[in-house]
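J.: sharing a sequence plus its predicted fold:
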Amino acid sequence: MDDYLTEEERLDAVKRWWKENGRSVFLGLGLGAAIVVGWNVWQTKQRQRSEQASTAFQQLLKADQTKQPDAALKLSERLMEQYGSTTYGLYGKLFAAKFKTERGDLIGAKQLLQDVVTNAGDENFRHLARLRLGQVMLSLHEEEAALKMIESMDAKAAGQYQGLYAELRGDLLVALGRADEARTAYEQAQQLGEMSPLLELKLEDLASAPAKS
């Protein structure tokens, strides 16, 4: 009899617990299921968004290659507006700056490039934007400001872009009439692996310029 009563007491205890906690158990199960469903939906949307951004980027490349500047600019702006926080959005800004430069909108290009330099999380994008920004600033006759921008960088931070920065520095120094320093910068660029025919021409142009003693 005692054993029977013990089982009965246990059953009553289970019933009381279920009455008190059953709602929260079902709520917990429901919440867990909702989280799983929500995660799957989010992943699907992210995948679709990535595919749409990739398609727009491919269309942008094609428009650029086939010399359709209006279409290319619209596509780059679409990437910036709809996918601004992604890698495709960063590419959109770089391309938009390129198209604006080609159309003579140097101020617009400068603003886009400064935004990438300031906000991009990927260091490669920041280097590419900084190098292009330096060229835009050269066109805007802001050579001194551009020099300060690139000279404030630590050489190690430039990494594989050191040669390109050295060449840009040479371009800026030429514009400032500092031929001997420009020659040194171009030679440094070569030592760092930049061997383009254009760089050779730049050095040849400076060959007759007398070095300061």
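T.: Looks like it came in fine.
J.: got a list of what Met195 touches?
T.: Counting by Cβ atoms under 8 Å, 6 or more residues apart in numbering, Met195 touches no other residue. Where you see a C-beta, it was placed from the backbone N, CA and C, and this is true even at glycine.
J.: mind telling me what element it is part of?
T.: Per DSSP states H and E, Met195 falls between elements, in no helix or strand.
J.: helices of the protein, start to end?
T.: 2-65, 69-82, 87-102, 106-119, 123-139, 143-151, 155-158, 162-175, 179-191, 197-206 (DSSP state H).
J.: show the average pLDDT along the fifth one.
T.: If I follow you right, that is helix 123-139. In this model, helix 123-139 has an average pLDDT of 93.
J.: for the last one, same thing?
T.: With pLDDT averaged residue by residue, helix 197-206 scores 90.
J.: which of the helices of the chain has the lowest average pLDDT?
T.: helix 2-65 (a mean of 66).
J.: still on that earlier bit, could the helices of the chain go into TSV alongside mean neighbour count?
T.: As requested, these are exported to TSV (neighbours: other Cβ atoms under 10 Å):
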stretch	mean neighbour count
helix 2-65	11
helix 69-82	18
helix 87-102	21
helix 106-119	18
helix 123-139	19
helix 143-151	16
helix 155-158	12
helix 162-175	22
helix 179-191	18
helix 197-206	13
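J.: correct me if wrong: Lys101 contacts Ala109.
T.: No Lys there; residue 101 is Thr. Yes: the criterion here is Cβ atoms under 8 Å, and Thr101 meets it with Ala109 at 4.5 Å.
J.: common neighbours of the two, please.
T.: With Cβ under 8 Å, 6+ apart as the test, Thr101 and Ala109 both reach Arg132, Val136.
J.: pull the number of nearby residues for Gln68.
T.: Residues contacting Gln68 under the criterion other Cβ atoms under 10 Å number 15.
J.: list the contacts of it.
T.: Not one residue lies near Gln68 by Cβ under 8 Å, 6+ apart.
J.: phi, psi for it please.
T.: phi -120, psi 80 (degrees, to the nearest 10).
J.: give me the pLDDT for it.
T.: 89.
J.: now it: how far from Thr55?
T.: Going from Gln68 to Thr55 by Cβ to Cβ, to the nearest Å gives 16 Å.
J.: repeat for Ala179
T.: Remark: distance between Ala179 and Thr55 (Cβ to Cβ) = 49 Å.
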